[in-house]
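> From the sequence below, what's the structure:
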Amino acid sequence: MESLGSSGAGNPVSIGPADRRASASEPSEGAPDRESVGGADHVVASVLFGVDRVSVSAPVAGFEKDPSAWATFAVVAPGTPKAARRWGTSAKLTDTCTLFIGVQEVPATGMSWCKLELNPSRWADPDGHSLASVSSTHEAVEEAMDRASEWLVPAVPDAGALKVRRLDVARDFSDVARPSYLIRGLGPVHRPWARRNLVHYDPGRSGAQTLMVGSGAGVVRLYDKDQETGGAAPGVVRWEAECRRSWVQNYGNIETLNDVTGESVDALGSDRWEWSAMDTEVSAMEAVVEKVMRSDLSFAEQRGLIGYLTMIAAGGDVRAATSTHSKYRRTAKHLGITVDPGSLSGDDPGFSARLDLELGTAVCSVR
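Numbering: from 1, shown residues only. I've put the predicted structure just below:
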């Protein structure tokens, strides 16, 4: 391995191989516990959301440049001024937690940067499906940094100084009697700037029915956790925000791992939860009509809104002016309603449900 000394960016850290999982603060099944762990600056009490994936990076003080020591080696943009070499490999932290390790040259600066990515949930709970707490996430990254020292040395004083490039925050909801209706029913809800909005059966989640909304900056998913785990989580759906760098910085005020606290995770999750509008009540047609008729809208506005929501739920191509779309979307959001598509065909005429963030459960009613 070449030039493994310190650099101007800080002394490289060396972390012992102690098994930190034994002392990790693990959340219970379903929604993550609200944690209060003393003695560590990075832990803040009151966490609604758990962590499901984290990606960090840093400049490197030195790394193994022999391609044979890595699983992959490639040259990006060969034959151009931007040509850069890239090395990559993976290593097991637990039987179910795989660490991705990568290094890439940055020609513009003459430096090389490393990337470490893992799922801290499977580090803290290798055989389960719970979410990682904030403290577990920090400890998992520290162990990942120690494991990666076989290939590289980050030029940072400690793991807390690593840059956060991706942070997936999630919340599990229990007591969901009919996940498919809720997932399907929330599909037509409008989310500003969302370039993706689809309901599909995700092959990456064992074919679990999944609603995905978002853009290149990040996506939010709602999926049937019981189906993904092969029946290990009955009545559970997971809300998950895959937050790339801009979302992490803009909505969580997170730059480095030291910034990942209970407070910042809650802020990031709460902002993306509100944007995703996953707390909208999915209602049968009769319940929607009743809510609209009780509103202070004029008869013409009530008729227009009911027609608009019905056409959206039926998958119709609503040809209307942009101002009309905006008006009905704002009104539906204000009333907190969307139509369950199943109620249009009579499959489920009396179903109404919404996800309650604070309770971590689905609030359902059957007429």
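
> what residues are up against the nearest residue to Phe100 once chain neighbours are set aside?
Distances taken as CB to CB, 6 or more residues apart in numbering put Glu117 closest to Phe100, at 4.4 Å, once the chain neighbours are dropped. Where C-beta positions appear, they are placed from N, C-alpha and C, glycine not excepted. Listed by CB atoms under 8 Å, 6 or more residues apart in numbering, the contact set of Glu117 reads Arg53, Val54, Ser55, Val56, Leu99, Phe100, Arg166.

> again with Pro78
With contact set as CB under 8 Å, 6+ apart, Pro78 has no partners.

> Quick check: pLDDT value at it.
pLDDT recorded at Pro78 is 94.

> Please identify the buried residues of the strand of greatest length in the chain?
Determined from DSSP state E, the single longest strand within the chain is strand 50-63. Judged by neighbour count (16 or more other CB atoms under 10 Å), strand 50-63 contains these buried residues: 50-63.

> What is the distance between it and the centre of its chain?
Strand 50-63 has its average C-alpha position 17 Å from the chain's average C-alpha position, going by CA atoms, centre = their mean, to the nearest Å.

> cool, and stretch 130-142?
With CA atoms, centre = their mean, you get 15 Å for stretch 130-142.

> For the residue sitting nearest the centre point of the chain, what is the enclosing helix or strand?
Note on the chain: the residue nearest the mean C-alpha position is Ala241, at 2.5 Å, using CA atoms, centre = their mean. Using DSSP states H and E, Ala241 sits within strand 237-244.

> which residues touch the next helix or strand after that strand?
Next helix or strand after strand 237-244 toward the C-terminus (DSSP H and E): helix 245-252. The contact list for helix 245-252 (CB under 8 Å, 6+ apart) reads 164-167, 217-218, 241, 243, 254-255, 259, 264-265, 267-268, 271-272.

> What are the phi and psi values at the residue nearest to Thr229 when sequence neighbours are not counted?
With sequence-adjacent residues excluded and distances taken as CB to CB, 6+ apart, Thr229 is closest to His129, at 5.2 Å. When read as degrees, to the nearest 10, the backbone of His129 gives phi -140, psi 20.

> got a list of what His129 touches?
Counted by CB under 8 Å, 6+ apart, His129 has contacts Glu29, Ser121, Lys225, Thr229, Ala232, Ala233.

> Let me know whether the third one touches Pro234 as I believe.
No. Here Lys225 does not reach Pro234: they are 9.2 Å apart, not a contact under CB atoms under 8 Å.

> okay, those two: which has more neighbours?
Counted by other CB atoms under 10 Å, Lys225 and Pro234 do not tie: Lys225 has more neighbours, with 25 against 12.

> re earlier: run through the residues that contact the residue nearest to the centre of the chain.
With CB under 8 Å, 6+ apart, Ala241 has these contacts: Asp168, Val169, Ala170, Gly218, Val219, Val220, Trp247, Leu268, Gly269, Arg272, Trp273, Ser276.

> Leaving out chain neighbours, which residue sits closest to it?
In space, Ala241 is closest to Arg272, 4.1 Å off (CB to CB, 6+ apart).

> Same check on Ser276?
In space, Ser276 is closest to Val220, 4.3 Å off (CB to CB, 6+ apart).

> helix, strand or coil for the one you found?
Using DSSP: H, G, I helix; E, B strand; the rest coil, the structure places Val220 in strand.

> Which residues does it form beta bridges with?
Val213, Ala241 (DSSP bridges).

> residues near it, how many?
Neighbour number of Val220 under other CB under 10 Å is 24.

> Go ahead and confirm it touches Met212.
Yes. At 7.4 Å, Val220 counts as touching Met212 under the criterion of CB under 8 Å.

> same question for stretch 177-197, mean pLDDT?
83.

> Buried residues, it. List them.
178-179, 181-191, 194.

> repeat for stretch 289-298
Result for stretch 289-298 [16+ other CB under 10 Å]: buried residues Val289, Lys291, Val292, Leu297.

> Just give the nearest non-adjacent residue to Asp95, would you?
Per CB to CB, 6+ apart, closest to Asp95 is Pro126, 5.8 Å.
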